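S.K.: below are the sequence and a predicted model for it; my questions follow.
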Amino acid sequence: MANPSSSSAPAEASKPAVKDNKKKKDEKKEEDLSDEDLALKQQLELYVERVQDADPGVQKLALESMRQEIRTATSSMTSVPKPLKFLRPHYGTLKTYFETMPESDLKKYLADILSVLALTMSAEGERESLKYRLLGSEGDIGSWGHEYVRNLAGEIAQEFAKRQDSEMELSGSFDYAVFYDDTPLDALMELVQQIVAFHMKHNAEPEAVDLLMEVEDVDLLVEHVDATNYKRACLYLTSSSSDLGVDYDGKRWSAIYLPSPDDILALDIAYTIYIKFKDYASALRIALFLDNTQYVKQIYMSTTDLLLKKQFSYIISRHGLVLELDEDVAPDYDDREALQEIVNNVKLSEGYLALARDIEVMEPKSPEDIYKVHLIDGRASGSTSIDSARQNLAATFVNAFVNAGFGQDKLMTVPSESASGSSGTWLFKNKEHGKASAAASLGMILLWDVDSGLAQIDKYLHSTDNHVVAGALLGVGIVNCGIKNDCDPALALLIDYLNKEDTTILIGAILGLGIAYAGSQKDELRIRLSQILGDPKTSLEVLVFSAISLGLVYVGSCNEEIAQSIILALMERTDTELGEPLTRLLPVALALLYLGKQDNVEATAEVSKTFNEKIRKYADVTLLSLAYAGTGNVLKVQKLLGYCAQHLEKGENYQGPAVLGIALIAMTEELGLEMSIRSLEHLLQYGEQNIRRAVPLALGLLCISNPKVNVMDTLSRLSHDTDNDVSMAAIISLGLIGAGTNNARIAGMLRSLSSYYYKEAGHLFCVRIAQGLVHMGKGLLTLSPYHSDRFLLSPTALAGLVTVLYACLDLKSIILGKYHYMLYILVLAMQPRMLMTVDENLKPISVPVRVGQAVDVVGQAGRPKTITGFQTHSTPVLLAAGDRAELATEKYIPLSPVLEGFVILKENPEYRDDH
């Protein structure tokens, strides 16, 4: 950290040599100085002479006075302080004299002063300030001022880096390197301790963390934080969590920007600090981020406060972690049941419907209300007759997405007029596999409401039509999505159907189980589905869906056995089978096992290099993309961009997954997100056709449920592309970025697209799906896998999105073919985007909250506002992407640091009503 003037610093003591031509200049300069300055200059020159006096008493006095002068000036650091300026010519003289002095306190005194002078005088990379500091007295370094301390910290960091290099090379190139290697590390660490203490005292937590990172000793932080600054220190460490704000650009050393394993270390320290200050809810978020169940249990056991444990349970259920609470967590049986019920998400439907009633959107909507045909110009309205089975299928999906979780709609749950029931009539307006999606849509409408859901779907399980039965089985899975239950109704109902011969029914049951038990790592499913995978008689489609379900159930588990079964299944496929679009979902299923698990994928990636060349590269890229999903790993993004730059022979198809991979890895934080959007723009201009087909989907994933204007415009442009695959993918992606936002601009675009493509059945189907997504849950739901202030990434939600997006890489043969029910896998990512405040009895309670755009306050001084442009509402409220809420009343204390989902409020004992 050289000072502004150091670049012009004259070369040490050579200055007096060139005197003659400078004499005039100096005289001129001295005339410019004011009287005070002149006096000061002469005074200092006198001190310099006196320091070299033979009499120690005189020396001591001179040094004292010099020190006094420098100290009083150092405290304000707007420009180079006068004493330092006037002492510059004498730096060399003092240095030479210092070398001749005998060891004494005076020599240490002089070393202190030289150390401060080196601040502006020392040549780049000489680290003299540090050298003299170590030779000087043990005094308080803070008294020399902030700038001095920061400079020292910089030099220590350089010194450490130098030491590490010289350890590698074992030969120092500079002569003073000898001096350093003699200095024991302890002396440096002592200095580091002092500097960290100084920084922590003066609200410079980020600088303290930076220094400790440089010297690789972050553990020291734990001793130096106190109750006033621990939140800011941890916020800087995690740089995207804690209740002071989100860091979207991650300054310098945040966990997202650290290479592995330093990032885990930083988060571990933050966890330790939170536990030390009993901020358990914040510690829980870090435990979930690290995916460390041990930590989670430890947090439960650290407190006896039942309310707090309930809040933990809400956070865990939102994250989708499957957790069996034992006696250590809650000794009392009733308490344990109550906590387990929250973890199992049983109350989700109740809360969601309470939100819907509050916002007054309970009225069921029909697909026509969404299409708004009357707003479109004349020509499209006559197009309803085209391919009506396909139109009805589209309407089924729109109806399912829009009324998701509301328990009533205008197509499937209408009360029966006659004995036959009108819901039956809608079912049979669909053809064959369309009926499967229609029956399954009932599960979506009754989402999260297990009891009444199963009761209503039951009648379809007894149908004579296999497609209807298959749809009903899938519906059972959808109803149970994200809700766990002790008696496992989905497993009991569906497991018997795995013995059926009919492939349609089999697929329904298998996919239903995959959706119902995503992330639960249920052993029974592993055994049953692995049997299906290993059976040589299994047909290709059943095989693929079994693999996908296993991938969903064991997402991110790195389970070796399942990986083996899927690898074997892949290796045994014939060439023609490997050419099938559906087979490409097998590597996706395999990669789901390693979702976000980084290096753990390497063994499997090696094995994938032995696959048939038709699928080898595809599997390799897919494994890489999913293993590093959500990590923001720049090197992997570069590698994938490298794949996109290659020119392919016909029949190669691994560039699509590479493009999706870029989005998956870079979606973590705002900065990487913006950069990848720019890279994708380039790929659009220069990429091959199969790259262009994947770009819209990648954009959809990057901005899921977050309609950014620039992305919206790009997708709107691509939705009229000459290549059909590109335009269809762009239309679906418009639905994804607007999912659950009711965004009027996207809705308008889709309406005009529906009239533009009124003759193209495939495009029209995509437009309808997109319309259903935009109005998903009537605007109460989101598909974003991120929650808790964008800090936590729910693996099951991401798994659902990834599976659907990979299926969309080949829209024509999968989604527009007979596997359209794969769209229901999106249900894994569907979550209410609400803030619901509940009282101590978990009953909803309405309090005023401020909702506004989140502001990044990492490393900022003081207590900056964490939201901007807020409005005050009463809970329950909806939170859009990038929004943050804070309580607008002192009457309650929230038990969660982040106001999202269910938040328990405790009455504030110190609150006094003014009236």
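M.R.: Right, received. Where do you want to start? Numbers count the residues shown, from 1 in each chain.
S.K.: show me the shaky parts of this protein.
M.R.: Applying pLDDT under 70 to the chain picks out residues 1-31, 74-79, 168-183, 240-257, 377-387, 415-424, 650-651, 914-915.
S.K.: the longest helix in it is where?
M.R.: helix 146-169 (DSSP state H).
S.K.: all strands for the protein, in order.
M.R.: 781-782, 786-787, 792-793, 831-832, 834-838, 848-854, 867-874, 877-878, 883-887, 892-894, 901-907 (DSSP state E).
S.K.: show me the residues around I359 that make contact.
M.R.: By C-beta atoms under 8 Å, 6 or more residues apart in numbering, I359 lies in contact with 780, 876, 878. Quick note: C-beta positions are derived from backbone N, CA and C, even for glycine.
S.K.: and stretch 633-645, C-alpha only, in PDB?
M.R.: Below are the C-alpha coordinates for stretch 633-645, written out as PDB (Å, rounded to 0.1, in the frame of the first residue of the first chain):
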ATOM      1  CA  ASN A 633     -16.300 -21.900 -10.200                       C
ATOM      2  CA  VAL A 634     -14.700 -19.700 -12.800                       C
ATOM      3  CA  LEU A 635     -12.200 -22.300 -14.100                       C
ATOM      4  CA  LYS A 636     -15.100 -24.700 -14.900                       C
ATOM      5  CA  VAL A 637     -17.000 -22.000 -16.700                       C
ATOM      6  CA  GLN A 638     -13.900 -21.400 -18.900                       C
ATOM      7  CA  LYS A 639     -13.600 -25.100 -19.600                       C
ATOM      8  CA  LEU A 640     -17.300 -25.300 -20.700                       C
ATOM      9  CA  LEU A 641     -16.800 -22.100 -22.900                       C
ATOM     10  CA  GLY A 642     -13.900 -24.000 -24.400                       C
ATOM     11  CA  TYR A 643     -16.300 -26.800 -25.400                       C
ATOM     12  CA  CYS A 644     -18.700 -24.300 -26.900                       C
ATOM     13  CA  ALA A 645     -15.900 -23.000 -29.100                       C
END
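S.K.: contact partners of it?
M.R.: 598, 621, 624-625, 628, 654-655, 658-659, 661-662, 665-666, 672, 676, 679, 683, 687, 691.
S.K.: circling back: ranking the contacts of I359 by neighbours, who comes first?
M.R.: Within these, P876 tops the neighbour count with 25 neighbours, counted by other C-beta atoms under 10 Å.
S.K.: quick one: it from V898, how far?
M.R.: To V898, P876 is 16 Å away according to C-beta to C-beta, to the nearest Å.
S.K.: first vs last residue of stretch 823-841, how far apart are they?
M.R.: 38 Å (C-alpha to C-alpha, to the nearest Å).
S.K.: quick one, what contacts I532?
M.R.: I532 neighbours (C-beta under 8 Å, 6+ apart): 498, 506, 510, 538, 542-543, 546.
S.K.: and it, how close does it get to L498?
M.R.: From I532 to L498 the distance is 7 Å (C-beta to C-beta).
S.K.: which residues are in contact with both of those two?
M.R.: With C-beta under 8 Å, 6+ apart, I532 and L498 have common neighbours 506, 510.
S.K.: now the residue positioned nearest the centre of the chain, nearest residue through space, not along the chain?
M.R.: Nearest residue to the geometric centre of the chain (C-alpha atoms, centre = their mean): T668, 3.9 Å. Closest residue to T668 apart from its sequence neighbours, by C-beta to C-beta, 6 or more residues apart in numbering: G632 at 4.0 Å.
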